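# Sequence plus the predicted model coming up.
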Amino acid sequence: MTGLFHVTSALNRESILAHGLDWTRMGAAPGIAGSPVPEEQGVFLCRNEFEAGWFVQMNNTGGPVDVWAVAGIDEDELIDAGSGFGYFPARIPRSQITLADWPSDEPAPAPRGQHRNKQRKKTPRAGK
(Lines give C-alpha, C1' and ligand atoms only; values in the text may rest on other atoms or scores of the structure.)
Protein backbone atom coordinates (compact mmCIF):
# COMPACT_ATOMS: atom_id res chain seq x y z
CA MET A 1 0.00 0.00 0.00
CA THR A 2 1.15 3.51 -0.75
CA GLY A 3 -0.56 6.86 -0.79
CA LEU A 4 -2.70 8.71 1.71
CA PHE A 5 -4.77 7.09 4.46
CA HIS A 6 -7.44 8.04 6.99
CA VAL A 7 -7.67 6.19 10.32
CA THR A 8 -10.97 6.25 12.21
CA SER A 9 -13.18 4.19 14.49
CA ALA A 10 -14.88 1.23 12.83
CA LEU A 11 -18.12 2.69 14.26
CA ASN A 12 -17.89 5.33 11.50
CA ARG A 13 -17.81 2.78 8.68
CA GLU A 14 -21.52 2.92 7.82
CA SER A 15 -21.50 6.73 7.64
CA ILE A 16 -18.29 6.77 5.57
CA LEU A 17 -19.70 4.23 3.13
CA ALA A 18 -22.79 6.41 2.71
CA HIS A 19 -21.23 9.89 2.74
CA GLY A 20 -17.46 9.63 2.31
CA LEU A 21 -15.07 11.35 4.71
CA ASP A 22 -16.84 14.34 6.26
CA TRP A 23 -15.71 15.86 9.55
CA THR A 24 -19.15 17.51 10.05
CA ARG A 25 -20.65 14.04 10.52
CA MET A 26 -18.32 13.16 13.39
CA GLY A 27 -20.24 11.79 16.31
CA ALA A 28 -20.46 7.99 16.32
CA ALA A 29 -17.03 7.80 18.00
CA PRO A 30 -14.33 10.18 19.19
CA GLY A 31 -11.46 11.10 16.89
CA ILE A 32 -8.48 8.75 16.74
CA ALA A 33 -6.67 11.00 19.26
CA GLY A 34 -9.71 10.94 21.56
CA SER A 35 -11.26 14.31 20.72
CA PRO A 36 -15.10 14.34 20.81
CA VAL A 37 -15.24 17.18 18.24
CA PRO A 38 -13.34 17.87 15.01
CA GLU A 39 -9.94 19.44 15.66
CA GLU A 40 -9.89 21.14 12.24
CA GLN A 41 -12.38 21.87 9.47
CA GLY A 42 -11.14 19.05 7.29
CA VAL A 43 -10.16 15.40 7.14
CA PHE A 44 -6.87 14.31 8.70
CA LEU A 45 -4.86 12.15 6.32
CA CYS A 46 -1.76 10.05 6.92
CA ARG A 47 1.03 10.53 4.38
CA ASN A 48 2.25 6.93 4.38
CA GLU A 49 1.86 3.48 5.93
CA PHE A 50 4.13 4.30 8.85
CA GLU A 51 2.02 7.31 9.88
CA ALA A 52 -1.20 5.28 9.47
CA GLY A 53 0.28 2.47 11.60
CA TRP A 54 1.20 5.00 14.27
CA PHE A 55 -2.41 6.23 14.46
CA VAL A 56 -3.71 2.64 14.49
CA GLN A 57 -1.54 1.97 17.54
CA MET A 58 -2.48 5.28 19.24
CA ASN A 59 -6.21 4.52 18.90
CA ASN A 60 -8.07 6.42 21.62
CA THR A 61 -11.51 5.51 20.25
CA GLY A 62 -12.17 2.68 22.68
CA GLY A 63 -12.64 0.07 19.97
CA PRO A 64 -11.43 -1.26 16.61
CA VAL A 65 -10.37 1.14 13.87
CA ASP A 66 -10.55 1.18 10.08
CA VAL A 67 -7.86 2.40 7.71
CA TRP A 68 -9.18 4.01 4.52
CA ALA A 69 -6.99 4.43 1.43
CA VAL A 70 -7.59 7.82 -0.20
CA ALA A 71 -7.10 8.48 -3.92
CA GLY A 72 -7.06 11.66 -5.96
CA ILE A 73 -5.44 13.95 -3.38
CA ASP A 74 -1.80 15.00 -3.50
CA GLU A 75 0.20 15.27 -0.30
CA ASP A 76 0.97 18.92 -1.10
CA GLU A 77 -2.77 19.70 -0.79
CA LEU A 78 -2.67 18.92 2.94
CA ILE A 79 -2.56 21.71 5.52
CA ASP A 80 -0.26 21.30 8.51
CA ALA A 81 -2.34 21.38 11.69
CA GLY A 82 0.63 22.69 13.68
CA SER A 83 1.38 19.20 14.96
CA GLY A 84 3.18 17.93 11.90
CA PHE A 85 0.06 16.05 10.81
CA GLY A 86 -1.93 17.20 7.82
CA TYR A 87 -5.56 17.57 6.95
CA PHE A 88 -7.43 18.09 3.69
CA PRO A 89 -9.74 21.14 3.98
CA ALA A 90 -12.73 19.62 2.19
CA ARG A 91 -14.98 16.59 2.28
CA ILE A 92 -13.69 13.53 0.44
CA PRO A 93 -16.35 11.71 -1.59
CA ARG A 94 -16.98 7.98 -1.29
CA SER A 95 -15.66 7.50 -4.83
CA GLN A 96 -12.14 8.45 -3.66
CA ILE A 97 -11.86 6.08 -0.69
CA THR A 98 -11.46 2.35 -0.19
CA LEU A 99 -11.42 0.40 3.04
CA ALA A 100 -7.84 -0.84 3.23
CA ASP A 101 -6.98 -4.43 4.05
CA TRP A 102 -5.18 -3.52 7.28
CA PRO A 103 -5.14 -5.95 10.21
CA SER A 104 -6.27 -4.11 13.35
CA ASP A 105 -3.56 -5.80 15.41
CA GLU A 106 -0.73 -4.95 13.01
CA PRO A 107 1.97 -2.91 14.74
CA ALA A 108 3.32 0.25 13.23
CA PRO A 109 6.19 -0.57 10.89
CA ALA A 110 9.69 0.47 11.96
CA PRO A 111 11.00 3.59 10.21
CA ARG A 112 13.15 2.69 7.22
CA GLY A 113 16.86 3.34 7.45
CA GLN A 114 16.86 3.61 11.23
CA HIS A 115 18.04 1.01 13.68
CA ARG A 116 16.54 0.40 17.06
CA ASN A 117 18.91 1.03 19.92
CA LYS A 118 18.90 -2.16 21.93
CA GLN A 119 20.41 -1.74 25.35
CA ARG A 120 22.06 -4.69 26.98
CA LYS A 121 21.78 -5.42 30.62
CA LYS A 122 25.15 -4.94 32.31
CA THR A 123 26.64 -8.04 33.84
CA PRO A 124 28.66 -7.45 37.01
CA ARG A 125 32.35 -8.26 36.64
CA ALA A 126 33.96 -10.83 38.85
CA GLY A 127 35.44 -9.22 41.97
CA LYS A 128 33.34 -6.09 41.82
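Looks like it arrived, so ask away. These numbers come from a predicted model, not from an experiment. Numbering: from 1, shown residues only.
# and the nearest residue to Arg94 once chain neighbours are set aside, what pLDDT?
Setting aside the residues directly before and after it, Arg94 is nearest to Gly20 in space (CB to CB, 6 or more residues apart in numbering), at 4.2 Å. All C-beta spots, glycine's among them, are computed from the backbone N, C-alpha and C. The confidence metric pLDDT takes the value 96 at Gly20.
# Next, the buried residues of the worst-scoring helix or strand of the chain on mean pLDDT.
Using mean pLDDT, DSSP states H and E, helix 49-58 stands out as the lowest-scoring helix or strand of the chain, at a mean of 90. Applying a neighbour-count criterion of 16 or more other CB atoms under 10 Å, the buried positions in helix 49-58 are Glu49, Glu51, Ala52, Gly53, Trp54, Phe55, Val56.
# Take the residues you listed and write them to a markdown table, including distance to Gly3.
Below are the buried residues of helix 49-58 laid out as a markdown table (distance: CB to CB, whole Å):
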| residue | distance to Gly3 |
| --- | --- |
| Glu49 | 9 |
| Glu51 | 11 |
| Ala52 | 10 |
| Gly53 | 14 |
| Trp54 | 16 |
| Phe55 | 15 |
| Val56 | 16 |
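# Mind picking the two most distant members of those?
Glu49 and Phe55 (10.9 Å; CB to CB).
# Just confirm Trp68 is within a strand.
Yes. Judged by DSSP: H, G, I helix; E, B strand; the rest coil, Trp68 forms part of a strand.
# Could you list the low-pLDDT ranges of the chain?
Filtered on pLDDT under 70, the chain yields the residue ranges 1-2, 103-128.
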